[in-house]
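1. A predicted structure for the sequence below; I have some questions about it.
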Amino acid sequence: MAARSIKTRKAERPECDLRLARAREFWRAAEALRDLDESANSIAATYVLCGIAAADAVCCRRLGEYSRSENHADAVELLKRVDPSLAPPLSRLVSDKSADAYGASTVPARRVDQTRTAAKKLLDYAEAM
């Protein structure tokens, strides 16, 4: 079975660097919110943004492109092409994105920790490249 097409955007080194810079900004913002004991939803949502930007940076650097699809599952599939071990953390982040950012209920502390761990794995990988 042929792989389905994923809408991507070509990226040169400066754009890759920008995606990584954004991931670092989101990480610092999430950590600051966490230190201030702010809303768990805001913290988790910011970690999600960090992880997505880090995954984009990884794909940019290794594949020369990143996902521009409205379907976050496409970003997970693209990231698998770089390193399959990175797919589960990104999948976790994007699956919780709407609930974290827009949900009516408060994100549990455990999920904030899981979201932080997933974002950190992606950010660490991107920074090591």
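-> Arrived safely.
2. tell me how far Ala75 lies from Ile52.
-> Noted for Ala75: a distance of 7 Å to Ile52, by C-beta to C-beta, to the nearest Å. Where you see a C-beta, it was placed from the backbone N, CA and C, and this is true even at glycine.
3. what does the least confident helix or strand in the chain by mean pLDDT rub up against?
-> Least confident helix or strand, the chain: helix 87-102 with a mean of 89, by mean pLDDT, DSSP states H and E. Residues from elsewhere that reach helix 87-102, judged by C-beta atoms under 8 Å, 6 or more residues apart in numbering: 41, 44-45, 47-48, 51-52, 55, 72-73, 75-77, 79-80, 105, 107, 111, 114-115, 117-119, 121-122.
4. taking the residues you listed one by one, which sit in helices?
-> When DSSP state H defines the helices, the subset of these inside them is 41, 44-45, 47-48, 51-52, 55, 72-73, 75-77, 79-80, 111, 114-115, 117-119, 121-122.
5. pull out the buried members of the residues you listed.
-> Buried by 16 or more other C-beta atoms under 10 Å: 41, 44-45, 47-48, 51-52, 55, 72, 75-77, 79, 111, 114-115, 118-119, 121-122, out of the ones in helices among the contacts of helix 87-102.
6. poorly predicted segments of the protein, please.
-> Within the chain, the ranges that satisfy pLDDT under 70 run 1-4.
7. what does Asp37 show for phi and psi?
-> phi 60, psi 40 (degrees, to the nearest 10).
8. could you check how far Arg110 is from Val48?
-> Counting by C-beta to C-beta, the gap from Arg110 to Val48 is 16 Å.
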